[in-house]
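In: coords below, sequence missing:
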């Protein structure tokens, strides 16, 4: 069997992700947000006080990428890092009032991107599509953990 882009799940997923990212970036740029900060903000809007290690595990990012993202977010006034009172070696990440105020508009922008992209699917197809994507992600994550047991363990 020959390789074709049209039949490659990886290629299609990457292409789709780039299209989603492009449209989302256009919608959140006026809010002063970047596509790189958005996943971290989603996690922190759900639960503040996470560590960099927590974010790495939740977002499947490399340590260096997360460190750079957090540094930019701190520079941009979106987060502050504070030492954990019970373990001074650990820094916890907290949202600023500025970042908290952006939650509604940023979530609305993402919802608009999702709704537009999935508009050609029925409600049943949307649910199936999302379920299939979650299953593929879980499978890839499990396989990655099997081959790299240290993935996501950096501080």
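Out: Perfect, thanks for sending it. This structure is a prediction, so every number in the text was calculated from the model and none was measured. Numbering: from 1, shown residues only.
In: what is the rounded mean pLDDT of the helix or strand containing residue 132?
Out: Here residue 132 is covered by helix 123-147, with elements defined by DSSP states H and E. The average of the pLDDT scores along helix 123-147 is 93.
In: If you drop the residues flanking it in sequence, what lies closest to residue 116?
Out: residue 23 (7.4 Å; Cβ to Cβ, 6 or more residues apart in numbering). (C-beta placed from N, C-alpha, C; glycine too.)
In: Report the buried residues of the host helix or strand of that neighbour.
Out: For residue 23, the host element (DSSP H and E) is helix 9-28. Within helix 9-28, the residues scored as buried using 16 or more other Cβ atoms under 10 Å are 20, 23, 24, 25, 27, 28.
In: residues contacting residue 16?
Out: Taking Cβ atoms under 8 Å, 6 or more residues apart in numbering, we find residue 16 in contact with no residue.
In: Give me the pLDDT value at it.
Out: 97.
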